[in-house]
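Visitor: Need a 3D model of the sequence below.
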Amino acid sequence: MDAADIIIALVVVTALGFDFTNGFHDTANAMATTIATGALKPKLAVTIAAILNFIGAFISLKVAATVAEGIVNGDVITPSVVFGGLVGAIVWNLGTWWFGLPSSSSHALIGGVVGATVVASGTDAVLGDGIVSKVIVPALVSPILAGAIAALGVLVVYAMIKRFQEERAEREFRWAQVASSSMVALAHGTNDAQKTMGVISLALIANGNIKGGAAFDVPTWVVVACATAIALGTYCGGWRIIKTLGTKVVEVRPPQGFGSEAVAATVILASSHVGFPLSTTQVVSGAVTGSGVGRPGAQVNWSVAGRIVIGWVLTLPAAAACAALAYAVVDLFGHDSAVGPIVVGIALVIGCVLLFLANRRQAVDPDETVSENPTFGPAYRPQPEPVAA
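Guide: Below you'll find the predicted structure:
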């Protein structure tokens with residue numbers, strides 16, 4: 001096995017590691033409000049999300065093609081550059097997860113690849129038109145659009161059910177919320193799993209293992225591996241972020257949760273259909289905030305929403321900076337040498353182990369995601385018992 005093969009192997013392993021972090025980082029996208037309202041028990045919710053994320057990864061490959069060929073110039077990309085980008089994305093994902101900040105794994109990955117590419121080949125290697133049209137514009141429009149539609153939709157829902165007994169209406173909407181949250185999980189798989197497939201494919205193209213251009217096709221083993229990694233990560237559950245999105249932005253009731261999830265799933269599936277690597281985190285966060293605006297009497301915690309927005313703004317440049325540093329260290333040992341990726345990979349593993357040990361000492365109990373809410377008082381506990389035990 002030569003140096004190129006070792007680097008490719010490290011890229012694939014690191015990419016699947018990122019995919020795993022994407023899964024537990026973004027579990028909140030699908031199930032935070034469903035868990036918060038008690039429609040599903042926490043462990044059952046993440047199990048359903050994991051299965052649907054796995055299935056969703058096989059539905060469409062258009063987003064994978066965009067990431068592989070629409071963000072940076074593949075002709076000047078090397079596997080070492082892709083490795084640096086992945087390390088930067090993982091570092092940012094883990095940092096935001098630790099602080100319970102629902103930032104975008106998608107933008108972390110794209111920012112990481114761009115940052116490493118700029119250090120390796122300069123700004124000319126970045127496809128500016130693709131970044132603007134397929135990343136920045138959707139990032140600006142999608143959360144606002146999702147929030148506005150969710151606000152209007154929830155307002156209409158509550159106007160329709162105001163004549164019904166509140167307990168009965170909310171009990172029925174818990175069933176609907178199970179369905180809508182499942183659609184978000186499926187949509188998440190169709191969009192987020194594709195990004196890791198695209199990055200692995202980008203490295204394989206750079207190494208000459210597969211063809212780019214019109215002949216580009218994601219290898220089946222890449223699809224299966226990425227679907228499995230994101231599903232496993234989802235099953236582990238990102239309880240810190242679930243608690244933030246499910247209880248700290250707005251107190252969520254079942255009709256409200258159904259409205260926000262239905263809107264989010266629709267927007268994400270539409271973006272996957274046209275090949276936009278959309279941030280599911282931004283869409284869901286925007287929809288949850290909008291649902292709070294639309295529900296009469298709801299109180300939105302705008303300070304928490306503001307911190308989430310700051311995280312969105314910082315994600316692309318911060319992940320790019322982390323990736324640029326990672327690639328600079330790799331390049332110290334020579335861009336064709338496997339020593340640099342091995343050194344950085346070992347450092348990343350050590351950091352992950354230390355973070356895991358620290359998390360065990362400060363772990364968030366899944367049941368806390370439906371317990372006392374410090375912002376709004378006791379979280380809503382629907383009666384009778386949840387639909388799914």
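Visitor: ok, and the helix or strand in the chain with the lowest average confidence?
Guide: strand 377-378 (a mean of 38; mean pLDDT, DSSP states H and E).
Visitor: in this protein, what spans have low per-residue confidence?
Guide: Across the chain, the ranges flagged by pLDDT under 70 are 1, 27-29, 60-70, 163-169, 213-215, 238, 245-247, 274-278, 362-389.
Visitor: Helices along that one, start to end?
Guide: Applying DSSP state H to the chain gives helices spanning 3-37, 42-56, 62-69, 79-98, 105-121, 128-131, 137-161, 166-206, 220-236, 239-243, 254-274, 280-294, 302-332, 339-361.
Visitor: Mind listing what's buried along the first one?
Guide: Applying a neighbour-count criterion of 16 or more other CB atoms under 10 Å, one finds 4, 6-8, 10-12, 14-37 buried in helix 3-37. Heads up, the C-betas are built off the backbone N, CA and C, glycines and all.
Visitor: need the helices of the chain in TSV with distance to G212, can you?
Guide: Shown next, in TSV, are the helices of the chain (distance: least, CB to CB, whole Å):
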stretch	distance to G212
helix 3-37	16
helix 42-56	25
helix 62-69	6
helix 79-98	14
helix 105-121	15
helix 128-131	14
helix 137-161	24
helix 166-206	4
helix 220-236	14
helix 239-243	35
helix 254-274	21
helix 280-294	27
helix 302-332	21
helix 339-361	22
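Visitor: burial of K248, as a residue count?
Guide: Residues within reach of K248, counting by other CB atoms under 10 Å, total 21.
Visitor: Chain neighbours aside, what residue packs nearest to it?
Guide: V304 (4.9 Å; CB to CB, 6 or more residues apart in numbering).
Visitor: Near the one you found, how many other residues are there?
Guide: So V304, with other CB under 10 Å, has 20 neighbours.
Visitor: Check the one 5 residues further on too.
Guide: One way to gauge burial is a neighbour count; for V309, by other CB under 10 Å, it gives 16.
Visitor: Against A358, how distant is it?
Guide: 27 Å (CB to CB, to the nearest Å).
Visitor: hang on, I200 packs against V13?
Guide: No. Counting by CB atoms under 8 Å, I200 stays clear of V13, with 10.2 Å between them.
Visitor: Return the distance of R174 relative to A326.
Guide: 45 Å.
Visitor: show me what contacts C226?
Guide: Counting by CB atoms under 8 Å, 6 or more residues apart in numbering, C226 touches A15, L16, D19, A57, A193, Q194, T196, M197, I200.
Visitor: Now tabulate those residues in JSON lines and tack on distance to S291.
Guide: What follows is these, written out as JSON lines (distance: CB to CB, whole Å):
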{"residue": "A15", "distance to S291": "34"}
{"residue": "L16", "distance to S291": "34"}
{"residue": "D19", "distance to S291": "29"}
{"residue": "A57", "distance to S291": "27"}
{"residue": "A193", "distance to S291": "26"}
{"residue": "Q194", "distance to S291": "27"}
{"residue": "T196", "distance to S291": "30"}
{"residue": "M197", "distance to S291": "31"}
{"residue": "I200", "distance to S291": "36"}
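Visitor: tell me which of those residues is nearest to W98?
Guide: Minimum distance to W98 across the contacts of C226 is 18.8 Å, recorded for D19 (CB to CB).
Visitor: Pretty sure R240 sits against G100.
Guide: Yes. Contact criterion CB under 8 Å: R240 and G100 qualify, at 3.9 Å.
Visitor: what about these two, which has more around it?
Guide: R240 (24 against 19).
Visitor: For that one, give me its contacts.
Guide: W97, W98, F99, G100, V364.
Visitor: out of those residues, who's nearest W221?
Guide: Set against W221, the nearest of those by CB to CB is W97 (27.9 Å).
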